[in-house]
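Asks: Here is my input, please return the structure:
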Amino acid sequence: MTRNKNNPPQVTENMEWEVASVIHDSWDALINNFLGLTQFANDYFEERRYKELFDIAVQRYHLYGEMVKTTYSIIEPILKGKIHDIETWQKIKFYYSHLIQNRYDKPNTETFYNSISRKVFNQVNIGFSEQFEFFNNEDYHIVEFTEPKIYREITVHKLSAEAIKNLLLSLNFKVQWEDIERDSKAIMDYLTPIIVFQKNNIFLESIELVNPIFYRNRGAFVVGKLRYRRWVMPFVIAILNEDNGLFVDAFVNNPSDISILFSFTRSSFMVSTQKPVELIDYLKTIMPFKPMSELYDAIGYFRNGKTTMYRDLMNYVRNHDDKFIIAPGIKGMVMCVFTLTNYPFVFKIIKDKFDNPKNVTREQVVKKYREVELNDRVGRMAYAHQFEHLRFPRHLFTEELIKEFQLVATKSVVITDEHVTILHCYMERKMDPLNLYLEKASIVDTCKAMLDYGNCIKELAKANIFPGDLLLKNFGVTRHGRVIFYDYDEICQVTECRFRRLPEPIEGEEMYHHESAFSVEHHDIFPEEFKNFMVPSGPIGDLFMQEHSDIFQSKYWRQIQKNIERGEYMKFYAYPKSSRFLAHRCDADI
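Replies: You can find the predicted model right below:
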């Protein structure tokens, strides 16, 4: 992972140097294990071992936290009584800086160091400090791509089906193609009208391909650019492997669709690279408006995503005249939600006490959020980063929000005359609450949102996720117009529920002899009741019922349970169905 073999300055070995070396070696062990698991993705895709591919993604997710604990257990007896000494950690940081100065993954190694120091200093409520921790407050700029580059260039002066065929063959899959001639022609037929529309800008200079392939669920994704003399077309080729071999399922070049592929609502890709920073920089040229934190999350570097999110937040509050306010919308029963007026993220704090009729505990809520991190979110649930000991000047908070903290969140927020310290919170992408969105949306956008609301519930169900609370306020609308679920305190598996029909009403004395018909257990669900709060009156409600009336039938949910219990891998799309080629209109899950 080093650019060259320059060694750090010679030092006399001491306690601080030893700790710096332990942290450095632990990072090397971590990243080697991370890449080792990631490299299985290609084999599992070719062998169609998709369940195992998901399992190693979960295993990979746990590596970071386990290594932080292991590293702490090693350095604690070395530092002994000086483990919380700031001057000691300043020296450790100095030595560590020299150890990592020539690495390709320098920002990632800094994040790991900060994870160790945070584990140490959170114990004594000492907040983040640039004295002994790494913080980069420079504006983002693309690093210089080093050799060998993260991408390769294929010189092609004329785009043709033959050139596309050669591109596909260069991927070197061990599995045969179902019909590579057909797929090459399909891509060329799709591209031809786009290229012709450019008129004078049709001179192709090269095709760029990112060297590592991105794997997720049942799909392999090839990322690249068509580079013309005066314009560039980013693209993603989606490839599936089914009974008859490999085939191209879609060619995605719409910027919004590419962004959704890398969405915060989806599981991370398995993509093997020694240069994660340069890979992120390349992806940033394709998706310039996507936060870097989400790109890091998308390739499985969640802690680096969290670090980048923290850095961006601190830079924002230092450089903008904005205040933390109570988030718009109906206040939550479990969470106190706040945000900055013009910032694209919200903050969620678990309340001290939950409003009726909620009967979950704080520990259960934390557990639910942890489960969401590991689940296949199928593009319908937001990923939330957990933060501890965030410290801000008090003047950044409105008095209304301060009073709200004092009323509902004293266990999670410490308020002094000078500062507000958030002891524990979740940070996730800001979305328009669906109920507020519908109040302002046009009739067309209202119809789209309501239909996607139904799609969201159905897709979560097929992934064995039952949201629990289906009220509009628990769903949000992204900037791409997709409906996302983001209230996790009542989620459970569909297979844990018992979906029942409402009993026929009984009148008179007979009702006293039919108590069993009305007995309700904890996981009993009556889908017929959903209609009361899900379906608006009028034409929009009629449209919703025409498309999604099955949601209100218990037999629909029981059939999903049977499908899941049979081990059926449900079908989802990471891009619009309209992007798929006509030759492959059968359902496929990627």
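Asks: which element is D183 on?
Replies: Assigned by DSSP states H and E, D183 belongs to helix 180-197.
Asks: now what about that helix, what contacts it?
Replies: Helix 180-197 has contacts (Cβ atoms under 8 Å, 6 or more residues apart in numbering) with 159-162, 164-165, 168-169, 177, 202, 226, 233, 237, 247-248, 251, 253, 581-583. Using the backbone N, CA and C atoms, a C-beta is placed for each residue, glycine as well.
Asks: Can you name the next helix or strand after it?
Replies: Next helix or strand after helix 180-197 toward the C-terminus (DSSP H and E): strand 204-210.
Asks: neighbouring contacts of that following strand?
Replies: Here strand 204-210 has contacts from 150-159, 163, 167, 170, 222-229, 279, 282, using Cβ under 8 Å, 6+ apart.
Asks: With stretch 522-533 instead?
Replies: With Cβ under 8 Å, 6+ apart as the test, stretch 522-533 has contacts from 466, 470-472, 492, 496-502, 551-554, 556-557.
Asks: elements contacting the one helix or strand E404 maps to?
Replies: Using DSSP H and E, E404 sits within helix 399-408. Under the contact criterion of 3 or more Cβ pairs under 8 Å, 6 or more residues apart in numbering; DSSP states H and E, helix 399-408 touches strand 324-326, strand 335-340, strand 413-415.
Asks: now for these, which one comes closest to M427?
Replies: Closest of the helices and strands packed on helix 399-408 to M427 is strand 335-340, at 9.8 Å (criterion: Cβ to Cβ).
Asks: What's the first helix or strand after that closest one?
Replies: strand 345-350.
Asks: can you give me the angle the helix or strand just after that following strand makes with strand 345-350?
Replies: For strand 345-350, the following helix or strand on the C-terminal side (DSSP H and E) is helix 362-374. Orientation check (axes from the mean of the first three to the mean of the last three Cα atoms, to 10 degrees): helix 362-374 against strand 345-350 gives 140 degrees.
Asks: hang on, V222 packs against N172?
Replies: No - in this structure, V222 is not within contact of N172 by Cβ atoms under 8 Å, at 11.8 Å.
Asks: Comparing the two, which shows the higher neighbour count?
Replies: Shown here are V222 and N172; by other Cβ atoms under 10 Å, V222 has more neighbours (20 against 7).
Asks: How about the secondary structure of the closest residue to D179 other than its chain neighbours?
Replies: Counting by Cβ to Cβ, 6 or more residues apart in numbering, D179 lies nearest to F247, which is 6.9 Å off, once chain neighbours are set aside. The three-state label for F247, taken from DSSP: H, G, I helix; E, B strand; the rest coil, comes out as strand.
Asks: one step back: in PyMOL, how would I select the buried members of the contacts of stretch 522-533?
Replies: Selection command for PyMOL covering only the buried members of those, criterion 16 or more other Cβ atoms under 10 Å:
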select buried, resi 466+470+472+492+497+499+500+551+552+554+556+557
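Asks: Give the helix, strand or coil label for V420.
Replies: V420 - assigned by three-state DSSP - is strand.
Asks: Not counting its neighbours along the chain, what's nearest Y282?
Replies: Excluding its sequence neighbours, the residue lying closest to Y282 (Cβ to Cβ, 6+ apart) is I150, at 5.5 Å.
Asks: ok, and I540, which helix or strand is that part of?
Replies: I540 belongs to helix 539-548 when elements are defined using DSSP H and E.
Asks: what pLDDT, on average, does whatever helix or strand comes next after that helix get?
Replies: On the C-terminal side of helix 539-548, the nearest following helix or strand under DSSP H and E is helix 554-565. Helix 554-565 shows a mean pLDDT of 94.
Asks: same deal with stretch 339-350?
Replies: Computed over stretch 339-350, the average pLDDT equals 96.
Asks: What of stretch 527-538?
Replies: Here stretch 527-538 scores 93 as its mean pLDDT.
Asks: Just the buried positions in that stretch, please.
Replies: Within stretch 527-538, the residues scored as buried using 16+ other Cβ under 10 Å are P527, M534, V535.
Asks: show me the contacts for the second one.
Replies: Which is M534. Listed by Cβ under 8 Å, 6+ apart, the contact set of M534 reads Y453, L470, L472, F544, I551.
Asks: what about 7 Å?
Replies: Going by Cβ atoms under 7 Å, 6 or more residues apart in numbering, M534 touches L470.
Asks: quick one, the helix holding E404 and strand 345-350 angle?
Replies: Interaxial angle, helix 399-408 versus strand 345-350 (the same axes, to 10 degrees): 30 degrees.
Asks: Report the buried residues of helix 399-408.
Replies: By 16+ other Cβ under 10 Å, the buried positions in helix 399-408 come out as L401, E404, F405, V408.
Asks: Do I have it right that the second one meets C336?
Replies: Yes - with the criterion set as Cβ atoms under 7 Å, E404 and C336 qualify as a contacting pair; they are 6.2 Å apart.
Asks: in the stretch 51-200 of the chain, which spans are strands?
Replies: Per DSSP state E, counting those that start in this stretch, the stretch 51-200 of the chain carries strands over the ranges 151-155.
Asks: So which residues of it form helices?
Replies: With helices called from DSSP state H, counting those that start in this stretch, the stretch 51-200 of the chain shows them at 86-100, 106-121, 161-169, 180-197.
Asks: what helices or strands is the helix or strand harbouring W27 leaning on?
Replies: In the assignment (DSSP H and E), W27 maps to helix 15-38. Packing partners of helix 15-38 (3 or more Cβ pairs under 7 Å, 6 or more residues apart in numbering; DSSP states H and E): helix 50-79, helix 86-100, helix 106-121.
Asks: where along the stretch 401-550 of the chain do the strands fall?
Replies: Here the stretch 401-550 of the chain has its strands, by DSSP E, counting those that start in this stretch, at 413-415, 419-422, 425-429, 432-433, 475-477, 483-485, 498-499, 524-525.
Asks: Among these, which comes closest to D85?
Replies: Closest approach to D85 among those (Cβ to Cβ): strand 419-422, 21.7 Å.
Asks: which other residues reach that closest one?
Replies: Here strand 419-422 has contacts from G127, I349, H389, L390, R391, F392, P393, R394, F397, S412, V413, V414, using Cβ under 7 Å, 6+ apart.
Asks: List buried residues within the residues you listed.
Replies: I349, H389, L390, R391, F392, F397, S412, V413.
Asks: Could I get the pLDDT score of the last one?
Replies: What that stands for is V413. pLDDT recorded at V413 is 97.
Asks: and the buried ones among the contacts of strand 419-422 as TSV, adding distance to K119?
Replies: Output for the buried ones among the contacts of strand 419-422, formatted as TSV (distance: Cβ to Cβ, whole Å):
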residue	distance to K119
I349	22
H389	11
L390	16
R391	17
F392	22
F397	27
S412	19
V413	22
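Asks: Out of those residues, which two sit at the greatest distance?
Replies: Within the buried ones among the contacts of strand 419-422, two members stand farthest from each other by Cβ to Cβ: H389 and F397, at 16.4 Å.
Asks: The residue nearest to D179 contacts L240, correct?
Replies: Yes - under the criterion of Cβ under 7 Å, F247 makes contact with L240 at 5.9 Å.
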